[in-house]
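Engineer: Let me see the structure of the following:
(4 chains)
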Number of protein chains: 2
Amino acid sequence: MSNTSVRSIRRGDLARATGCNLETIRYYEKIGIMPDPPRSTKGYRSYDDTHVRRLKFVMRSRDLGFSLEEVRGLLGLVDNRIQTCAEVQAMAEVHLGEVRAKIADLTRIERVLSETVARCTGDAAPDCAIIDALFDA
Amino acid sequence: MSNTSVRSIRRGDLARATGCNLETIRYYEKIGIMPDPPRSTKGYRSYDDTHVRRLKFVMRSRDLGFSLEEVRGLLGLVDNRIQTCAEVQAMAEVHLGEVRAKIADLTRIERVLSETVARCTGDAAPDCAIIDALFDA
DNA sequence: CTAAGGTCTGTAGTTGATACAGGCTCAAGG
DNA sequence: CCTTGAGCCTGTATCAACTACAGACCTTAG
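Structural biologist: Sure thing, here's the model as predicted:
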């Protein structure tokens, strides 16, 4: 791990360091997920380690499917300790339930779709088992 | 099955007959998924069987996760026979691949999340294994 | 000194709906 | 006949979560 301490990098550097889209950084600042960074005399945003770390946290949370509102909640513990571990756990469990529901839903879709596709002859005729299935299901 | 032929129902009736949201019908007409229906002398939309059937087709396709653009493609076969069965099959297979990819993705998320939640003590402390995991993953 | 490329701002577009305001119209009850 | 409430009409705004663009400014390498 490279723990090289970084101070005063620009937005493009932060984007590269985290893999985050350039514009998304500005968006996160606008909605308060990321703090307004200090500026250079000419108005350029200036980031450091703490921003890299926080943005990676946000991205990891998003990658696990937490909504931005949920991420805001998670950051509550990070920032002000306004949330307890128990609350975070509850939130994560709710989210886990949603993820499992989505998996169940997609699994049902997968089953129906694969059955339907299997019934299709795949020829050049303008008559199709998939279309029929969508009409008559 | 009730095959009672229906002619000249209004938008609210179509919504009830299909379970579709009232405003969504207008939206589908605006984007060309549903045709502009004939109007009464006073401008009221007038639907019949064919609209009920088509809207149900659209809803079933959406329920299986097809995007509106994909639905548009499926409707191509229904409407003008501009697509062959083979093309529909190819589209369905691509979509099936996407569904499977999503399931794989969510399954990974589910695994990480459930492991993380399990490591959490769930007490009132302002220190949380979930937060730590999001930082250090 | 110049040219390329990075950054600044505000704003618009994306997908797939859903909601609302303000005005008409229609049907039923009194 | 009149009223009242439901339903319908239109255009426009809102949501998540970004992403992209225009036009101006700044920085840096050659």
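
Engineer: mind checking which helix or strand the closest residue in space to A:Gly122 that isn't next to it in sequence is in?
Structural biologist: Residue nearest to A:Gly122 in three dimensions, not counting chain neighbours: B:Gln89, with 4.6 Å by C-beta to C-beta, 6 or more residues apart in numbering or on different chains. Backbone N, C-alpha and C define where each C-beta goes, glycine included. Per DSSP states H and E, B:Gln89 falls inside helix B:85-118.

Engineer: ok, that helix near DNA strand C or not?
Structural biologist: No: remark: helix B:85-118 sits outside contact range of DNA strand C, by C-beta under 7 Å from any atom of the strand, the gap being at least 11.1 Å.

Engineer: quick one: buried residues of that helix?
Structural biologist: Buried residues in helix B:85-118, defined by neighbour count with 16 or more other C-beta atoms under 10 Å in any protein chain shown: B:85, B:87-89, B:91-93, B:95-96, B:99-100, B:102-103, B:106, B:109-110, B:112-113, B:116-117.

Engineer: After that helix, which helix or strand is next?
Structural biologist: Later in the chain than helix B:85-118, the nearest helix or strand by DSSP H and E is helix B:129-136.

Engineer: list the helices and strands that next one packs on?
Structural biologist: If contacts are counted by 3 or more C-beta pairs under 8 Å, 6 or more residues apart in numbering or on different chains; DSSP states H and E, helix B:129-136 sits against helix A:49-63, helix A:68-80, helix A:85-118, helix B:85-118.

Engineer: what mean pLDDT does the last one have?
Structural biologist: Helix B:85-118 shows a mean pLDDT of 92.

Engineer: That helix close to DNA strand D?
Structural biologist: No: using C-beta under 7 Å from any atom of the strand, helix B:85-118 stays clear of DNA strand D, coming no nearer than 13.7 Å.

Engineer: for stretch A:45-64, same thing?
Structural biologist: Yes: under the criterion of C-beta under 7 Å from any atom of the strand, stretch A:45-64 makes contact with DNA strand D via A:Arg62.

Engineer: Nearest residue to whichever residue of chain A sits closest to DNA strand C in space, ignoring adjacent ones along the chain?
Structural biologist: Residue nearest to DNA strand C within chain A: A:Gly12 (2.3 Å; C-beta to the nearest atom of the strand). In space, A:Gly12 comes closest to A:Leu22 once its chain neighbours are excluded; the distance is 6.3 Å by C-beta to C-beta, 6+ apart.

Engineer: my guess is that neighbour contacts A:Ala15, does it?
Structural biologist: Yes: with contact defined as C-beta atoms under 8 Å, A:Leu22 reaches A:Ala15; the gap is 4.6 Å.

Engineer: Same drill for those two, tell me which one is more crowded.
Structural biologist: A:Ala15 (18 against 12; other C-beta atoms under 10 Å in any protein chain shown).

Engineer: helix or strand for that one, which one?
Structural biologist: Assigned by DSSP H and E, A:Ala15 belongs to helix A:11-18.
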